[in-house]
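Q: quick check, what structure comes out for this input:
(one chain, ligands or ions: 1)
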Amino acid sequence: LKTKGLVDIQAADDQRQLNEIRVKLLGKKGPLTEVLRGMKDLSAAERPQVGEFANKIKTELATAIDQQLQVLDQKSLQQRLAHETVDVTLPGRQAQVGTPHILNQVIDDLEDLFIGLGYEVIDGPEVETDHYNFEMMNIPKDHPARDMQDTFYITDELLMRTHTSPNQARTLETHDFSKGPLKMISPGRVFRRDNDDATHSHQFNQIEGLVIDHHVTMADLKGTLEVVARHVFGDEREIRLRPSYFPFTEPSIEVDISCFACGGKGCSVCKHTGWIEVLGAGMVHPNVLRGAGVDPVEFGGFAFGLGPDRFAMLKYGVNDIREFYQNDLRFLHQFQREV
Ligand code: PHE
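A: A predicted model of the protein is given here:
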């Protein structure tokens, strides 16, 4: 019994097996327990001998089991260590650091500039009413800008705003002129049913600007725009003002910046003219002021709507506006924000 038991114990190669052997050899139904239980039938002389012998075997087997258990514990520990080993000398995986979208960087930069000039930054809804997008901006019912071809209509009265100008009306209505002049910019996305190409996208950004006070002149507008152009493009950049027309400004101008996306004249970004239009502006039309409850005799000022997408294209030599909206990381990662 002892020899067979010892062999079995040695042969056990996991803890569960060993435990079964223990139960079989030393358990309540095991042979040794039976021998000890049978002692009562023995003579007084035999009893101590048999008892001693049986107990000795029991102890030896128990010791062997304990030893084997230690061996097995060691073995499984080694296995686990080998399995879970970590090579601390391997190079770590680099987490890719994100960066604000290049358009947001340009917009943030312009916001900082205008905040420095004393402007407030205000927000407005992308889903706008016909009332604010057109009516309040002095755009009559038969104006071509209302055409289904230019505007994404949601219902008769709701649409995707085609410009940020409705925020002029929204702030004019709420501004308290007894507390001082109104100076605000309003950046945001706008939407038009354009066919996308290198310089047109059905969604792009605008930054609306509005300054209303007593005695604001066109010279103030021109000076402000020059500050903006120089801030973004440096002192050498030329700007050009062209007479234009917008229903909500009178007089109206369009502002071009000398094109350097591909070294001056001759590229598609500037339509081969050497100039690229970056904003529309003008002196706020009396009808806009009147419509929002502001007296156009007492107050007046200028407004502009500039295009950060165009600014970014020019500044960084991006010659396709669609790049900004395709989220190709190879494109976006070129514009890590400098810290
Ligand atoms: N809202 C005009 C546009 O989208 C731009 C503009 C804004 C023009 C303010 C004049 C004054 O083209």
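Q: quick one, grab the pLDDT at the closest residue to T249 other than its chain neighbours.
A: Spatial nearest neighbour of T249, chain neighbours left out: G282 (2.5 Å); criterion: Cβ to Cβ, 6 or more residues apart in numbering. All C-beta atoms are positioned from the backbone trio N, CA, C, and that covers glycine. If you check G282, the pLDDT there is 98.
Q: and the helix or strand where G282 lies, what does it pack onto?
A: Under the criterion of DSSP states H and E, G282 resides in strand 275-284. Under the contact definition 3 or more Cβ pairs under 8 Å, 6 or more residues apart in numbering; DSSP states H and E, strand 275-284 sits against strand 203-213, helix 218-233, strand 239-246, strand 249-258, strand 300-306, helix 308-316.
Q: between that strand and strand 249-258, how many degrees?
A: 160 degrees (axes from the mean of the first three to the mean of the last three Cα atoms, to 10 degrees).
Q: return the list of helices and strands in contact with the helix or strand just after strand 275-284.
A: Downstream of strand 275-284, the next assigned helix or strand under DSSP H and E is helix 286-291. Applying 3+ Cβ pairs under 8 Å, 6+ apart, we find helix 286-291 packed against helix 166-174.
Q: same question for the helix it packs on, mean pLDDT?
A: 98.
Q: point me to the residue of the stretch 51-200 of the chain nearest the ligand.
A: H163 (3.3 Å; Cβ to the nearest ligand atom).
Q: ok, that residue - how many residues close by?
A: 23 (other Cβ atoms under 10 Å).
Q: phi, psi for the closest residue to it other than its chain neighbours please.
A: Using Cβ to Cβ, 6+ apart and skipping residues adjacent in sequence, the residue nearest H163 is V190, 5.4 Å away. With angles defined as degrees, to the nearest 10, V190 sits at phi -130, psi 160.
Q: let me see the contact set for V190.
A: E126, M160, R161, T162, H163, T164, Q203, F204, N205, Q206 (Cβ atoms under 8 Å, 6 or more residues apart in numbering).
Q: what separation is there between the first one and A12?
A: I take that to be E126. Distance, E126 to A12, by Cβ to Cβ, to the nearest Å: 73 Å.
Q: those two: which has the busier surroundings?
A: A12 (19 against 13).
Q: so for the nearest residue in space to F302 that is not next to it in sequence, what's the pLDDT?
A: Using Cβ to Cβ, 6+ apart and skipping residues adjacent in sequence, the residue nearest F302 is L221, 3.9 Å away. Looking at L221, its pLDDT reads 96.
Q: residues contacting L221?
A: Counting by Cβ under 8 Å, 6+ apart, L221 makes contact with I253, A281, G282, M283, F302, F304.
Q: my read: the first one touches A281, true?
A: The one in question is I253. Yes. Assessed by Cβ atoms under 8 Å, I253 is found in contact with A281 at 5.4 Å.
Q: all set, thanks.
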